[in-house]
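Engineer: sequence and computational prediction follow.
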Number of protein chains: 2
Amino acid sequence: MQPTIDFTLSTAPQVYDWLRDAILRGALPPGTRLSETEIGQQIGVSRQPVREAFIRLTADGLAEVRPQRGTYIRRISISAVLSARLIREAVESDLIRMLAEQADDKLITQLDQEIAEQSEAVARDDAETFVRLDDRFHRLLAVAVGQEAVWEVLEGLKSQMNRLRYITARTFDIQKLIGQHAEIVDGLRNHDPALAEAAMRRHLRELLNDLPEISRSRPELFIP
Amino acid sequence: MQPTIDFTLSTAPQVYDWLRDAILRGALPPGTRLSETEIGQQIGVSRQPVREAFIRLTADGLAEVRPQRGTYIRRISISAVLSARLIREAVESDLIRMLAEQADDKLITQLDQEIAEQSEAVARDDAETFVRLDDRFHRLLAVAVGQEAVWEVLEGLKSQMNRLRYITARTFDIQKLIGQHAEIVDGLRNHDPALAEAAMRRHLRELLNDLPEISRSRPELFIP
DNA sequence: AAGTATTTACTAGTATGCAAGTATGCATTA
DNA sequence: TAATGCATACTTGCATACTAGTAAATACTT
């Protein structure tokens, strides 16, 4: 596990991107102890850019600096995950209602195509691709109502949820999720805001179904 | 304009808090050029803690570092402000619906009291106090449904909106805002989720009424 | 042997030095 | 006069030295 640093560019952002990705993928599990010096030596840079990466990770809520003691990967905050889900449901519900009133045939066709791709991925048992396609599907809905900036905000909030997703990826019933995507698109196709919203809320409420079980079986990963 | 640095604590976070407050209050208007060295000399610390404060401000979207050129206070992003408002409306609407089903007499009394305090502030023509009370009112609603963490997230998003608020504070029709607060509480009093939600949406949709005018008269403060 | 002081090896926080890129004003040139 | 080259004074990015605080192992005392 080693990043490729391009020394013609600034190193600090590259260190940040590398560490952030590693945390979200679970390669650096909660509670892991990091050290500015150690990481710096590992990738061949001084403490300084590593330190700056740690500061940004702390601002993201992904790391925690204990002065004169060390820097630790933060445990997953259950309340932060639940908050992110609630916010996502509220916002995407509003967006989908707006979209139901203005969706045109071209968009519906595009969304049907997205769902077909998702089905292909699940047929190949390719969970990782599905996660990517799922993100793209929801993003596309936001872009279609001209609210790409809103999705960017949700993306940031989702970081805590994503950490969970990598832990629980196997237990998802992906086929069911795709069916829910189809229900959402049906709501758009019929220009029925209430239907689309109901489908979206049902969909997003299922995302954390297995949180209680996971947090019971792996308590060392979580804080309230 | 000078912060008081407590040298028994870490200085970097203190520098960050000071600069952030100055930006949100408009004391450092968009486009202002900062310098690590200059700020450091001004408050008697080295470049390092100032630099770390700049990094966090950049992560907040409040500053922008141009390598080898300087650090600048970011202009207010109109799309970010609009996104924050949309998200706030979606989330607070959901929260107020949940609250309408479970609000008890004690809470209603407390909210009535809050509104009374707001009226006192407007009677004294004390706009600054009203801004504080307004924040407390909305926060209280979130806390009452057990979603304080959600409000913390909204607080972060609101930073761009707050910069606007300090510019436009005088032009607000505060009396009208208080009336809308009362409508929201009436919805809760009658345990009528639809009524409460409608009042909340009406309320939050007015917050940016004067954005078009402000952005036309002060274009140097904004980017699309 | 148990408990207490001390040493030692770490940690992050801060200050400073150097390198490299940028902007600006001035001198030079056509 | 206008345009170009260049010296100079900035800027941030990174490396390094030093400080102070923490924790754990070790030595010492009772």
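Structural biologist: Yes, it's here. Residues are numbered from 1 along each chain as shown, chains lettered A, B, ... in the order given.
Engineer: give me the helices and strands touching the host helix or strand of A:Glu52, please.
Structural biologist: Counting by DSSP states H and E, the element that carries A:Glu52 is helix A:47-59. Helices and strands touching helix A:47-59, by 3 or more CB pairs under 8 Å, 6 or more residues apart in numbering or on different chains; DSSP states H and E, are helix A:11-25, helix A:36-43, strand A:63-66, helix B:47-59. Placement of C-beta: from N, CA and C, glycine included.
Engineer: list of residues touching the last one?
Structural biologist: Among residues not part of helix B:47-59, those counted as contacts by CB atoms under 8 Å, 6 or more residues apart in numbering or on different chains are A:52, A:55-56, A:59-60, B:10-13, B:15-16, B:19-20, B:23, B:34, B:36-37, B:39-40, B:63-65, B:71.
Engineer: try the third one
Structural biologist: Counting contacts by CB under 8 Å, 6+ apart, the residues outside strand A:63-66 that touch it are A:Leu19, A:Ile23, A:Leu34, A:Phe54, A:Ile55, A:Leu57, A:Thr58, A:Thr71, A:Tyr72, A:Ile73, A:Arg74.
Engineer: just the buried residues out of these, in ChimeraX syntax.
Structural biologist: Of those, the buried ones can be selected in ChimeraX as follows, counting by 16 or more other CB atoms under 10 Å in any protein chain shown:
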select /A:19,23,34,54,55,57,58,71,73,74
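Engineer: dump the contacts of strand A:63-66 into a markdown table; add pLDDT as well.
Structural biologist: Formatted as a markdown table, the contacts of strand A:63-66 follow (pLDDT from 0 to 100):
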| residue | pLDDT |
| --- | --- |
| A:Leu19 | 96 |
| A:Ile23 | 95 |
| A:Leu34 | 95 |
| A:Phe54 | 97 |
| A:Ile55 | 96 |
| A:Leu57 | 96 |
| A:Thr58 | 96 |
| A:Thr71 | 97 |
| A:Tyr72 | 97 |
| A:Ile73 | 97 |
| A:Arg74 | 96 |
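Engineer: if we take the contacts of strand A:63-66, which one ends up nearest to chain B?
Structural biologist: A:Ile55 (5.4 Å; CB to the nearest CB).
Engineer: so A:Ile73 makes contact with A:Gly31?
Structural biologist: Yes. Using CB atoms under 8 Å, A:Ile73 is in contact with A:Gly31, at 6.3 Å.
Engineer: please tell me how far A:Thr129 sits from B:Ser77.
Structural biologist: Distance of A:Thr129 to B:Ser77, given as CB to CB, to the nearest Å: 33 Å.
Engineer: quick one, what contacts the closest residue to A:Trp151 other than its chain neighbours?
Structural biologist: Using CB to CB, 6 or more residues apart in numbering or on different chains and skipping residues adjacent in sequence, the residue nearest A:Trp151 is A:Ala142, 3.7 Å away. A:Ala142 makes contact with A:Glu92, A:Leu95, A:Glu148, A:Val150, A:Trp151, A:Leu154 under the criterion CB under 8 Å, 6+ apart.
Engineer: which SSE is the second one in?
Structural biologist: In the assignment (DSSP H and E), A:Leu95 maps to helix A:78-102.
Engineer: run the angle between that helix and helix B:78-102 for me.
Structural biologist: 110 degrees (axes from the mean of the first three to the mean of the last three CA atoms, to 10 degrees).
Engineer: what are the buried residues along the helix or strand of chain A with the lowest mean pLDDT?
Structural biologist: Sorting the helices and strands of chain A by mean pLDDT, DSSP states H and E puts helix A:159-168 at the bottom, at a mean of 84. Neighbour-count burial for helix A:159-168 flags A:Ser159, A:Gln160, A:Met161, A:Asn162, A:Arg163, A:Leu164, A:Arg165, A:Ile167 (criterion: 16+ other CB under 10 Å).
Engineer: next: stretch A:129-136.
Structural biologist: For stretch A:129-136, by 16+ other CB under 10 Å, it's A:Phe130, A:Val131, A:Leu133, A:Asp134.
Engineer: and it, how far out from the chain middle?
Structural biologist: 10 Å (CA atoms, centre = their mean, to the nearest Å).
Engineer: then stretch A:47-62?
Structural biologist: The answer for stretch A:47-62 is 20 Å, by CA atoms, centre = their mean.
Engineer: how about it: buried residues?
Structural biologist: A:49-60, A:62.
Engineer: still on that earlier bit, between the buried residues of stretch A:129-136, which is nearest DNA strand D?
Structural biologist: Lowest distance from DNA strand D to the buried residues of stretch A:129-136 (CB to the nearest atom of the strand) belongs to A:Val131, with 31.0 Å.
Engineer: now the closest one. Nearest residue, chain neighbours left out?
Structural biologist: In space, A:Val131 is closest to A:Arg165, 6.5 Å off (CB to CB, 6+ apart).
Engineer: likewise for A:Leu24?
Structural biologist: In space, A:Leu24 is closest to A:Asn162, 5.1 Å off (CB to CB, 6+ apart).
Engineer: these two touch, right, that neighbour and A:Asp21?
Structural biologist: No. Using CB under 8 Å, A:Asn162 is not in contact with A:Asp21; the gap is 10.5 Å.
Engineer: how about low-confidence regions in chain A?
Structural biologist: For chain A, the stretches flagged by pLDDT under 70 are A:1, A:169-171.
Engineer: show me what from it comes close to chain B.
Structural biologist: Within chain A, the positions near chain B by CB under 8 Å from any CB of the partner chain are A:10, A:52, A:55-56, A:59-60, A:67, A:79-80, A:82-84, A:86-87, A:89-91, A:93-94, A:147, A:149-150, A:152-153, A:157.
Engineer: show me which of these are buried.
Structural biologist: Members of these classed as buried by 16+ other CB under 10 Å are A:52, A:55-56, A:59-60, A:79-80, A:82-84, A:86-87, A:89-91, A:93-94, A:147, A:149-150, A:153, A:157.
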